[in-house]
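Asks: sharing a sequence plus its predicted fold:
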Amino acid sequence: MKLLRRTLLPMALAVLFATVPLAARAQTPDEIIKAGKVVIAIDTTVPPYGTLDTNMQPSGLDVELSQLIGKSLGVPVEFVTVTSPGRIPALLTKRVDMVVSIFSITAERALQVDFTNPYGGQATVLIAPKGKVIKGPKDLVGLKVGATRGAIEDIVLTQIVKDYPGINYLRFDDGPSCAQAMLSGQIEAMGGGDYGDIYLRKSAGGEEFEQKFVLRPNYFGIGIRKGNPALLHWLNTLLFTMKSDGTLNRLSMTYRKAPVIDLPSF
Amino acid sequence: MDYVFQFGPVFAFWPELLRGTALTIALTLVATAIGLPIAAVLAALRSFSSTPVRAAVSAYVELIRNTPFLIQLYFVFFALPGLGLRLTANEAAITAMVVNLVAYAVDILRAGLQAVPRGQIEAARALGLRPLRIIRHVILGQALRIVYPALASQFILQLLGSSLVSAIAAEELTAVANNIMIQTFRNFEVFGVVTVIYLALSLGFRALLDGGYRLAFREPT
């Protein structure tokens, strides 16, 4: 503990103070254009949203969206790589102008940063062969349903199993085991992501798989510092045009191989 | 260390822990009850029958003893449905456990059969006893006494090995532990409690089996 207080803490403070003054970033679209570049935080470890291509250059859905933002502003993009827990600090310490990094919109995060309307998202869904008629949780009664232990689908399905007695619920230790159980017919439905290779394969009965209903949607928004209404409004306007001209759907098809999920705005 | 141990959230799941423990015991007992008679027959075949039968039993024992239990489990649960045999998670767990136990028990029992001095068997034959009577009256009692400790160890290994069947969604003790961990994030406490339960099960069964040995094989005074 002493070591922590004596050496690590001062070091952390030094780093913080060293970065803050040099990085007092622009706040409105006009100021960003005047600064001549837009600094955007991305995560390059989350394919297909952010990853490094064969030339070690950032690539992915979030990266291309960032480049489109830069193009609309008419300035080059400077990428800053962050990790998932580093996204809010990057904004608050003014190291970046915005975060475009599978930033799920939650009320807790919105206390610290502002979110734009969602530009994309990923839903946790119920997956079953096409021939099965499953419209909602009550249709699962009497079926064998599987999920990966501890995943979001497990949390949602555990509640559903409590609410609708009679579902035979099986938890597997990892995703491949659960998918294998689905393919071999050991389970009749499963919780999973709205994309993945399960959709490319065939069930024990030779049918293709499809999404039956959404267990929990996750919406990704662009995060900016609070108190920048002009920038927030401009980004929302940009996303509106990208949604209506099909750009967001094209991005989703290119990187996720699946159409963009329904994008409500707030 | 700043970690504060909180066992309350874990003990709140005691009905599930109890169910998991019960399933662990049930899987082990059922697998042993089915497996041991099969192993006894196979051990006798391996010791006393014709060469092709012996070779077949040997092949089975080598195949199972030299492949991981987890793969055998996956094979029963995920691959057999492709051949039209669809077992529930618990049925598949018991099947895999029987297949595994039999292979180990055959070798243990065979060692017991071979440990009976050949002179005794020859003497029994000279007295005109038929092979089944020789096995029953001359070999079995002595062989069982020799292999009992090894079989008891195998039983305990089977009990602990059953923790692997959570991989195919059988909700035994380890699976229950993982479920509780995900809901409470009290990993230290959950594993602590489950370790104590497994330890108690092992020591309890060990004591029972030792008592059984003393009862069954007491030296005549």
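Replies: On my side now, so go ahead.

Asks: for chain A, just list every one of the helices.
Replies: Ranges of helices in chain A, per DSSP state H, are A:2-3, A:9-22, A:29-35, A:61-73, A:87-92, A:152-163, A:175-183, A:229-244, A:247-256.

Asks: roughly how far does B:E172 sit from chain A?
Replies: 12 Å (C-beta to the nearest C-beta, to the nearest Å). Heads up, the C-betas are built off the backbone N, CA and C, glycines and all.

Asks: next, give phi and psi for that residue.
Replies: phi -90, psi -170 (degrees, to the nearest 10).

Asks: residue contacts, residue 205?
Replies: Using chain A here. For A:G205, the contacting residues are A:P129, A:G131, A:G185, by C-beta atoms under 8 Å, 6 or more residues apart in numbering or on different chains.

Asks: please go with chain B instead
Replies: B:F155, B:I156, B:L159.

Asks: tell me which element it falls in.
Replies: Per DSSP states H and E: B:F205 is located in helix B:187-216.

Asks: buried by neighbour count, from the contacts of A:G205: which ones?
Replies: Listed as buried from the contacts of A:G205 are A:P129, A:G185; burial here means 16 or more other C-beta atoms under 10 Å in any protein chain shown.

Asks: please convert the contacts of A:G205 to TSV, extending it with pLDDT and distance to B:A92.
Replies: Below are the contacts of A:G205 laid out as TSV (pLDDT from 0 to 100; distance: C-beta to C-beta, whole Å):
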residue	pLDDT	distance to B:A92
A:P129	95	21
A:G131	91	25
A:G185	91	13
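
Asks: what is the burial count for B:L164?
Replies: Residues near B:L164, counting by other C-beta atoms under 10 Å in any protein chain shown, number 21.

Asks: wait, it sits on B:L73?
Replies: Yes: between B:L164 and B:L73 there is a contact under C-beta atoms under 8 Å: 6.4 Å.

Asks: for chain B, what's its nearest residue on the stretch 1-150 of chain A.
Replies: A:G150 (4.2 Å; C-beta to the nearest C-beta).

Asks: let me know the pLDDT of whichever residue of chain B sits closest to chain A.
Replies: For chain B, the residue closest to chain A is B:A169, as judged by C-beta to the nearest C-beta, at 3.6 Å. Here, the pLDDT recorded for B:A169 equals 90.

Asks: now stretch B:180-200 - C-alpha only, PDB.
Replies: The C-alpha coordinates for stretch B:180-200 follow below in PDB (Å, rounded to 0.1, in the frame of the first residue of the first chain):
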ATOM      1  CA  ILE B 180     -24.000 -19.000  -8.100                       C
ATOM      2  CA  MET B 181     -20.700 -17.300  -9.000                       C
ATOM      3  CA  ILE B 182     -22.200 -15.600 -12.000                       C
ATOM      4  CA  GLN B 183     -25.100 -14.300  -9.900                       C
ATOM      5  CA  THR B 184     -23.100 -13.200  -6.800                       C
ATOM      6  CA  PHE B 185     -19.600 -12.600  -8.100                       C
ATOM      7  CA  ARG B 186     -18.400 -14.100  -4.800                       C
ATOM      8  CA  ASN B 187     -15.900 -16.400  -6.500                       C
ATOM      9  CA  PHE B 188     -13.600 -17.000  -3.400                       C
ATOM     10  CA  GLU B 189     -16.500 -17.900  -1.200                       C
ATOM     11  CA  VAL B 190     -18.300 -20.100  -3.700                       C
ATOM     12  CA  PHE B 191     -15.200 -22.100  -4.500                       C
ATOM     13  CA  GLY B 192     -14.400 -22.300  -0.700                       C
ATOM     14  CA  VAL B 193     -17.800 -23.700   0.100                       C
ATOM     15  CA  VAL B 194     -17.800 -26.200  -2.800                       C
ATOM     16  CA  THR B 195     -14.200 -27.300  -1.900                       C
ATOM     17  CA  VAL B 196     -15.500 -28.100   1.600                       C
ATOM     18  CA  ILE B 197     -18.500 -30.000   0.200                       C
ATOM     19  CA  TYR B 198     -16.300 -32.100  -2.100                       C
ATOM     20  CA  LEU B 199     -13.800 -32.700   0.700                       C
ATOM     21  CA  ALA B 200     -16.600 -33.800   3.100                       C
END
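
Asks: that one: how far from the chain's middle?
Replies: 24 Å (C-alpha atoms, centre = their mean, to the nearest Å).

Asks: so for it, what gets flagged as buried?
Replies: Applying 16+ other C-beta under 10 Å to stretch B:180-200 flags B:I180, B:M181, B:I182, B:Q183, B:T184, B:R186, B:E189, B:V190, B:V193, B:V194, B:I197, B:Y198 as buried.

Asks: anything in that stretch near chain A?
Replies: Yes: under the criterion of C-beta under 8 Å from any C-beta of the partner chain, chain A is reached by stretch B:180-200 at B:I182, B:Q183.

Asks: which residues are contacting that stretch?
Replies: A:149-150, A:154-155, A:158, B:3, B:5-7, B:9-11, B:13, B:16-17, B:21, B:159-160, B:163, B:173-174, B:177.

Asks: could you give the mean pLDDT of it?
Replies: 90.

Asks: give me the nearest residue to B:F11, chain neighbours excluded.
Replies: Distance criterion C-beta to C-beta, 6 or more residues apart in numbering or on different chains; nearest residue to B:F11, sequence neighbours excluded, is B:V193 at 7.7 Å.

Asks: can you tell me how far the residue most central in space within chain A sits from A:T83?
Replies: Nearest to the geometric centre of chain A sits A:I102, at 3.2 Å (C-alpha atoms, centre = their mean). Computed with C-beta to C-beta, to the nearest Å, the distance linking A:I102 and A:T83 is 12 Å.

Asks: pull the distance from the lowest-mean-pLDDT helix or strand in chain B to the chain's centre.
Replies: Across the helices and strands of chain B, mean pLDDT, DSSP states H and E gives its lowest value to helix B:131-133, namely a mean of 85. Centroid displacement of helix B:131-133 relative to its chain, using C-alpha atoms, centre = their mean, is 28 Å.

Asks: again with stretch B:182-201
Replies: That offset, for stretch B:182-201, works out to 23 Å (C-alpha atoms, centre = their mean).

Asks: do I have it right that A:T124 meets A:N218?
Replies: Yes: if you go by C-beta under 8 Å, A:T124 and A:N218 touch, sitting 7.3 Å apart.

Asks: for A:K212, state which of the contacts of B:F205 is nearest.
Replies: B:L159 (40.0 Å; C-beta to C-beta).
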